[in-house]
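Visitor: Here's a sequence, model it:
(one chain, ligands or ions: 1)
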Amino acid sequence: MFSGKTEELIRRMKRARFARQRVEIFQPAMDTRYSREEVVSHNESALQSTAVTTSSEILLLATESDVIGIDEGQFFDPDLTQVVEQLARSGKRVIVAGLDQDFKGKPFGPMPDLLAVAEYVTKLHAICLVCGAPANHSQRLAGGEERVLLGAVEAYEPRCRECFKPDAT
Ligand code: ZN
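Guide: Modelled structure (predicted):
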């Protein structure tokens, strides 16, 4: 969650819009960790981001879009993969950003299935806060066994494989 994946999603969506394609971003309604408005609208060319409760809502809402961005893909229901495939088959370009692993280092939500069916995969890395190496794990610093600690971005930090301790909390 510190690797800049939302920024990369927005960058790609803006490029598509420069190419005069109709773009729209969707995010799960549960994601309350920070103000999405701020992220997507720090200049006048703000991108619209729509919160949805289920992945199937995207099918209904995205009919006018050429390029569909989905943020925080790991928080969506398992149907997201099927939804994305249906959109892609209808000629739309779909870009999903999300965490591939949860705080235990396990595949997160629909992300492993999406990784399997995607034409292109880009893995972004944060920097390990312990040793400075590229980090691909989220170390939870507080909290219990629940998979998602909402509203608690400070409860995680990026760690490399070596410094990642999944059973530390
Ligand atoms: Zn490290």
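
Visitor: How about the secondary structure of Ala51?
Guide: strand (DSSP: H, G, I helix; E, B strand; the rest coil).

Visitor: same question, Pro158
Guide: Quick answer, by three-state DSSP: Pro158 is strand.

Visitor: Quick check: it vs Arg15, distance?
Guide: Distance of Pro158 to Arg15, given as Cβ to Cβ, to the nearest Å: 26 Å. Yep, even glycine has a C-beta here, placed from its N, CA and C like the rest.

Visitor: Quick one, grab the pLDDT at Tyr156.
Guide: Note on Tyr156: pLDDT of 89.

Visitor: and it, what are its bridge partners?
Guide: Arg140 (DSSP bridges).

Visitor: Touching, it and Phe103? I think so.
Guide: Yes - here Tyr156 reaches Phe103: they are 6.9 Å apart, a contact under Cβ atoms under 8 Å.

Visitor: neighbour count winner among these two?
Guide: The neighbour comparison of Tyr156 against Phe103 (other Cβ atoms under 10 Å) goes to Phe103, with 24 against 20.

Visitor: what comes up buried for the top strand by length along the chain?
Guide: Using DSSP state E, we find that the single longest strand of the chain is strand 23-28. By neighbour count on 16 or more other Cβ atoms under 10 Å, the buried set for strand 23-28 is Val23, Glu24, Ile25, Phe26, Gln27, Pro28.

Visitor: what does stretch 66-77 give?
Guide: Under the neighbour-count criterion of 16+ other Cβ under 10 Å, stretch 66-77 has Asp66, Val67, Ile68, Gly69, Ile70, Asp71, Glu72, Gly73, Gln74, Phe75, Phe76 buried.

Visitor: Number of residues surrounding the closest residue to Arg159 other than its chain neighbours?
Guide: Excluding the flanking residues, the one nearest Arg159 by Cβ to Cβ, 6 or more residues apart in numbering is Gln139, at 4.2 Å. Gln139 sits with 22 neighbouring residues when counted by other Cβ under 10 Å.

Visitor: Distance of Gln139 relative to the ion?
Guide: Gln139 sits 10 Å away from the ion, going by Cβ to the ion, to the nearest Å.

Visitor: Show the contacting residues for that residue.
Guide: Phe103, Tyr156, Glu157, Pro158, Arg159, Cys163, Phe164, Lys165, Ala168 (Cβ atoms under 8 Å, 6 or more residues apart in numbering).
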